[in-house]
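Undergrad: Below: sequence and its predicted model.
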Amino acid sequence: MVNILDIFIAFVKVGSLAFGGAYAAMPLIEQQIVNATGWMSFQEFSDLIAIDELTPGPIIINSATYIGMKLGGVPGSIAATIGCILPACIVSLILINLYRKYKQIPMISEMMNCLKSMSVAMIFSTILKIFIAAVFPQGTSLMNINYFAIIMIALSYFILKKYSVNPIYVMLGCGTISLLMSFIGLA
């Protein structure tokens, strides 16, 4: 069991730097939980993201709560959740007041454009890492390609674009197909 204060501090760091929404924050969570502390493996982290997609609510808060629960039980989940949202609450209140007062200044709009670009890069980084983990589960070698994952990715993309289906249904369908394929030994 991990110290509750350590969990809180790790998520205060994440919450303090989580610009651009939940997907942009995923590399920050990965850095704190997988790389810096070793509290979870990258595989566990990837599984966490998949679970977060299926659960209702903000992904970053779901992640914090789940990780906190895994590491420190109910007190850990409370510490992680509060640590994650506290900086955003404080900074949001300050920034809302400043933005209302100074939004006409050109430097402020340039700063907002810069933050948007940074968020796109962070989201792309998370997508790329998850894609590599799904397609190359035993390392990035052409001999270790998971063709089943490629087919599921392509099929999901096609269904989402062609039929405008709710992504939850596609995810549930992919999970069901993967489960069935593993039962018969094909995945």
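TA: On my side now, so go ahead. Numbers count the residues shown, from 1 in each chain.
Undergrad: Angles on the backbone of Ser141, please.
TA: Dihedral pair for Ser141: phi -130, psi 150, per degrees, to the nearest 10.
Undergrad: er, Asn166 actually
TA: phi -60, psi 130.
Undergrad: for Gly185, same thing?
TA: phi 80, psi 20.
Undergrad: neighbours around it, how many?
TA: Other residues near Gly185 come to 6 when the count uses other CB atoms under 10 Å. Where C-beta positions appear, they are placed from N, C-alpha and C, glycine not excepted.
Undergrad: Just the buried positions in stretch 5-14, please.
TA: By neighbour count with 16 or more other CB atoms under 10 Å, stretch 5-14 contains the buried residues 7-8, 10-14.
Undergrad: Redo those as CSV? Include pLDDT and distance to Met69.
TA: Converted to CSV, these look like this (pLDDT from 0 to 100; distance: CB to CB, whole Å):
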residue, pLDDT, distance to Met69
Ile7, 93, 10
Phe8, 95, 14
Ala10, 92, 14
Phe11, 92, 13
Val12, 92, 18
Lys13, 90, 19
Val14, 88, 16
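Undergrad: Domain ranges for the chain, per the record?
TA: Domain segmentation of the chain under automatic domain parsing yields 4-135, 146-187.
Undergrad: could you give the mean pLDDT of the host helix or strand of Ala79?
TA: Under the criterion of DSSP states H and E, Ala79 resides in helix 59-102. For helix 59-102, mean pLDDT is 90.
Undergrad: thinking again about what came up before, out of the buried residues of stretch 5-14, the closest to Gly83 would be?
TA: Among the buried residues of stretch 5-14, Phe11 lies closest to Gly83 (CB to CB), at 3.3 Å.
Undergrad: Name the nearest residue to the closest one, sequence neighbours excluded.
TA: Leaving aside its sequence neighbours, Phe11 sits nearest to Gly83 (CB to CB, 6 or more residues apart in numbering; 3.3 Å).
Undergrad: can you map out the strands along this protein?
TA: Taking DSSP state E as the criterion, the chain contains no strands.
Undergrad: worst-scoring helix or strand of it, pLDDT-wise?
TA: Lowest on mean pLDDT, DSSP states H and E among the helices and strands of the chain sits helix 22-30, with a mean of 80.
Undergrad: my read: Ile33 touches Ile7, true?
TA: No. Using CB atoms under 8 Å, Ile33 makes no contact with Ile7, being 9.5 Å away.
Undergrad: what's the overlap in contacts for the two?
TA: Ile67 (CB atoms under 8 Å, 6 or more residues apart in numbering).
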